[in-house]
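1. Predicted model and sequence follow; I will ask about them next.
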Amino acid sequence: MLDLFSHAIDQARTEITHLRAELEQHNHRYYVLDDPTISDAEYDQLFRNLQALEAQYPELLTPDSPTQRVGSKPVSAFAEVQHRTAMLSLNNAFSDGEVLAFDARIREALGVDEVEYAVEPKFDGLAITLTYQNGVFVQGATRGDGATGEEVTENLRTVRAIPLRLDAPSPLTIEPAPTPVRPELVEGQGTSSVHASTAHASTGSARAVDFLEVRGEVLMFKADFAKLNAAQQDKGEKAFANPRNAAAGSLRQLDSRITAKRRLSFFAYGVGLCDGAILPTQHAAQMAWLKTLGLPVTDLCRVVRGAQGLLDYYRDIGEQRASLPFDIDGVVYKVNDLAQQAQLGFVSRAPRWAIAHKFPAEEAETTLLAIDVQVGRTGAITPVARLSPVQVGGVVVTNATLHNEDEIRRKDIHIGDTVIVRRAGDVIPEVARVVLEKRPADAVQFVMPTHCECGAHLAKQADEAVWRCTGGLSCAAQRKEALRHFASRRAMNIEGLGDKLVEQLVDEARIHTPADIYTLSLDALITLPRMGEKSAQNLLAAIAHSRATTLARFIFALGIRNVGESTAKDLAQHFGTLDALLEANFDRLQQVRDVGPIVAQSMVDFLAENHNRAVIDQLRQHVAWQEQTVAEHLPLSGLTFVLTGTLPTLTRDEAKAKLEALGAKVSGSVSKKTHYVVAGEDAGSKLEKAQALGVAVLDEAGLVGMLSGGNLE
Ligand code: IVH
């Protein structure tokens, strides 16, 4: 009995190890390489399989499991962390002249004619340090004052780009012996502590680095920032000023479950203390080495020579800046060779061997001419500043968001004021602050209108900052926004049905609800101003094309408050059919992953409106998707099997059919991703490979046991 149990737990352990490695690999592909190889649904299935196993064997649950990325219970304060090596800052250069002087100082100090530099973007986020022990992420901390930071391990665990377990480095870079001494406290970046290691025979299996500190930056991608702010605004909560503030606010949450919902990212840019590895002796090579461990390192890093190389890089990255997916505020130049770095040393808290070359701020001064209000798809009213045109970060800006009435008050913005406009990448420009000294005598205070342009009055909930139009779908402005959203790329993806056309169609009363889009005729379209027959035909083709969609897109397209793209996907996956979703009540909705009371209430409110139900009914006559009956978690789903050799009674096809009926995938070749190899007589290389990779091997009896355990009949 005991034996059976220990066999079961051994099997569970193997499977858990496989699932974790597989999930982390998909995380890396998705969040770091931006190149996923499985669908979200497949990922979720693997995730649930792991959760189920961990629930069954709680003793096997460890903090490095991908299931632990969802956050844990709140803490009352962050603990202090004493950094083992100081987290330094960088001196800044703002002009080419300062860069030339930096290079000249270094050449002089080193007594060389030309210096090789590693050059990198300067990420606009927060510096952190990650500690890995034997390859497992054990602690993360903010920079703080450089000597003492705050422990934010649980929050960092939720950042998908941060590996919870590092890949083993190439055997060439690992010190052969288990290290007998404690890490020495060595100043500086990337100093591998040296110790007398006794040569040990290699065990053949890859060994993790004993101890590694990784320095890098936590940041929020522009797209994630935009989504977060849209959601904040929808909820009537404060919008963040820029991605850096959003990243900082998210990282410093005492409740890591909140951090888990914010999409933070991470890039490594240095090594702190390292023990048990033979580190490359050049900075760029160290970064490449970190990459081999699975750490995200931007591929914007280069190695250049001399001051001209630095300035060329600065221009090159400057040109790419606006189109990069994350904010940078400059570039960083580092002497590439670590021996040269050591020779140069530090002045106070900054290294002599590095400098940050900053970009000019993306801010500009202009006049605020007027404040208009815009009506959003859910009726939210956003005040917008009309500005005297001004160049900000290479783009002419004429409008800027003022977020909401409270923000206008808080920033004390008057019409006629001289204001500072800020733009960060593709984020909507905003009015950062007023230049009070320049306020003209005739500047006027903004008064929030009491009514929407549709005539309905505006209302505000006591705990919200946002005013909303009460007109619902009788408000043309809301209808336009709802239709724009419905047709947008990530919703029904109707190419050609852009802002202008929606405006015309609504103004000319051709369409009222999204369902009307599907009844538009060629005759009706070509009577519109500036609409030729060809464009009309293209539009009709795009509309026809959108008829075949997915349930997730359809739900997202409905434009339900607080139901974004990923929630829509979760809802579609959970309920499988539209009918199931329409029948769900508040409690059922809350059973969906990531759906809490706010989203559930939004759904309930939306579905309680008869006109919304009516639109859904009409739309169902025009659009279609593959309905899924939610496969009630098949017992072997998420598991991959490989069959090899001749089984005593089952043919290969029979075994395959039985496995697939229980949700398993049957693959032809063995890899790290294989969960089980079923081996019969004369099993050849596949069995050997399974043994080499440590994949569990079953015989027919084992397979049959597993199939019957799965209640097939
Ligand atoms: S290296 C000893 N590299 O800049 C050098 N820092 O002012 C330590 N930063 O707190 C820093 N991108 O938050 C380095 N590629 C990069 C960076 C970078 C952004 C930030 C970091 C640090 C600040 C220093």
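-> Good, I have the coordinates.
2. and the stretch 301-450 of the chain, which residues reach the ligand?
-> Neighbours of the ligand within the stretch 301-450 of the chain, by CB under 6 Å from any ligand atom: 332, 351, 354, 356. Just so you know, the C-beta spots here come from the backbone N, C-alpha and C atoms, and that holds for glycine as well.
3. need those residues in JSON lines with secondary structure and pLDDT, can you?
-> JSON lines is the format used below for these (DSSP: H, G, I helix; E, B strand; the rest coil; pLDDT from 0 to 100):
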{"residue": "332", "secondary structure": "strand", "pLDDT": "98"}
{"residue": "351", "secondary structure": "strand", "pLDDT": "95"}
{"residue": "354", "secondary structure": "strand", "pLDDT": "98"}
{"residue": "356", "secondary structure": "strand", "pLDDT": "96"}
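4. Kindly indicate which of those residues lies nearest residue 699.
-> Nearest to residue 699 out of these is residue 332 (CB to CB; 57.6 Å).
5. give the contact list for residue 105.
-> residue 352 (CB atoms under 8 Å, 6 or more residues apart in numbering).
6. Renumber starting at 20 from here on
-> Right, with 20 as the first residue, what we last looked at is residue 124.
7. Please identify the buried residues of the helix or strand that contains residue 243?
-> Assigned by DSSP states H and E, residue 243 falls within helix 241-253. Neighbour-count burial for helix 241-253, counted by 16 or more other CB atoms under 10 Å, picks out 241, 243-248, 250-253.
8. List of residues touching the helix or strand following it?
-> The helix or strand immediately downstream of helix 241-253 is helix 262-270, counting by DSSP H and E. Here helix 262-270 makes contact (CB under 8 Å, 6+ apart) with 143-145, 147, 161, 171, 174-175, 237-241, 243-244, 247-248, 259, 277-278, 281, 283, 345-346, 443-444, 446.
9. Around the closest residue to residue 109 other than its chain neighbours, how many other residues sit close by?
-> Closest residue to residue 109 apart from its sequence neighbours, by CB to CB, 6 or more residues apart in numbering: residue 375 at 4.3 Å. Residue 375: 18 surrounding residues under other CB atoms under 10 Å.
10. residues from the chain in reach of the ligand?
-> Residues of the chain found near the ligand (CB under 6 Å from any ligand atom) are 107-109, 139, 141-142, 146, 162, 208, 236, 288-289, 351, 370, 373, 375.
11. Only whichever of those residues are buried, select them in ChimeraX.
-> Typed into ChimeraX, the line below selects the buried ones among the residues of the chain next to the ligand, using 16+ other CB under 10 Å:
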select :107,109,139,141,142,146,162,208,236,288,289,351,370,373,375
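12. So for the residues of the chain next to the ligand, which is the shakiest by pLDDT?
-> Within the set of the residues of the chain next to the ligand, pLDDT is lowest for residue 208 (47).
13. residue contacts, the residue of the stretch 220-369 of the chain found nearest the ligand?
-> Minimum separation of the stretch 220-369 of the chain from the ligand (CB to the nearest ligand atom) falls at residue 288, amounting to 3.8 Å. Residues near residue 288 by CB under 8 Å, 6+ apart: 139, 142, 234-236, 306, 316, 351.
14. pLDDT at residue 221, what is it?
-> Listed pLDDT for residue 221 reads 35.
15. So the residue of the stretch 220-369 of the chain closest to the ligand, which state does it fall into?
-> Of the three states, residue 288 takes strand according to DSSP: H, G, I helix; E, B strand; the rest coil.
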